[in-house]
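J.: Structure of the sequence below:
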Amino acid sequence: MNNFFSRLFGCFAHTRFPTPIQNFINSVYVAIFSIDLSEFESTSYPTLNALFTRKLKHNRIFDGSANVLISPSDSLITELGVSKEKKALQIKGMQYSVEELLGETLSKEMFYINLYLSPKDYHRYHAPCDLEIMELRYFGGDLMPVNMPSLHKNAHLFIRNERVVLKAKMPNQKILYFVAVGALNVGSIIFHCEPKIQTNARRYNETYAYASPKKVRKGEELGMFQMGSTIVLFIEDFTPSIKSAEEVKFAQSIGFLA
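T.: The predicted model follows:
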């Protein structure tokens, strides 16, 4: 039922209403979530989805050092830490299997960071460092909310929800997983490097592997959510400079590679 209502909301968000009505819809949304549009290309959008996926007016400045990771998005850090026995926390006290989430067996523990994008946030996400993308995996699933009440209520939420897992090599040749988790009212999860992925559309799983890795530069736009959701990063040998419950911005330094 959540998937049906998410598709229905997606249709509403993509609908171009007459300008006065659309401006009213957008202004109500901006007021409810206290959205600051000063950084963005426009303050007038033809659809609600265009407002969700608004683009920055200017590129943000970030530390270009190869060993520094930057935040891929404007987010709230809801959890972070090193996995234990291949398990991570969706929220304090609620574990899930990292291997089940990623769809593969791991040889070592990983550092993980949960980044929640609320409805007010900038909805595009970017490469946290130079990446060589080896594979993308789409997992069909539910579209339950990923906000704090839902994280506390629903066990194994990230595994139960629809998601896309990006597997890539970092500049130090170690592995990073970038997991985009679907949620209630997320019209789609978009990755520019693989247009064949169509989320919120089907239940079965798909894998896209690349014999020649797709290279993406640090800070380059990877894709977008068409509504708020969650990103989970899994990083080999990482030391964070952030903490749980901290709000971060895309391009902000979040830690260091070994």
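J.: For Thr199, which non-adjacent residue is spatially closest?
T.: Computed as Cβ to Cβ, 6 or more residues apart in numbering, the closest residue to Thr199 that is not its neighbour in sequence is Ile189, at 4.4 Å. From N, CA and C alone the C-beta is placed, and that goes for glycine too.
J.: count of neighbours near the one you found?
T.: By other Cβ atoms under 10 Å, 24 other residues sit near Ile189.
J.: bridging residues for it?
T.: Phe225 (DSSP bridges).
J.: For it, give me its contacts.
T.: By Cβ atoms under 8 Å, 6 or more residues apart in numbering, Ile189 lies in contact with 162-164, 180, 182, 197, 199-200, 223, 225-226, 229.
J.: Next one, pLDDT for it please.
T.: Ile189 carries a pLDDT value of 90.
J.: Relative to Glu99, how far out is it?
T.: 21 Å (Cβ to Cβ, to the nearest Å).
J.: Specify the beta-bridge partners of the residue nearest to Ala127 when sequence neighbours are not counted.
T.: Sequence neighbours aside, Val216 is the residue nearest to Ala127 in space, at 4.7 Å (criterion: Cβ to Cβ, 6+ apart). Counting by DSSP bridges, Val216 is bridged to Leu131.
J.: what's the burial count for Val216?
T.: For Val216, the neighbour count with other Cβ under 10 Å is 20.
J.: Go ahead and confirm it touches Leu131.
T.: Yes: the pair Val216 / Leu131 is scored as a contact, 4.7 Å apart, by Cβ atoms under 8 Å.
J.: Can you pull the residues that touch both of these two?
T.: Ala168.
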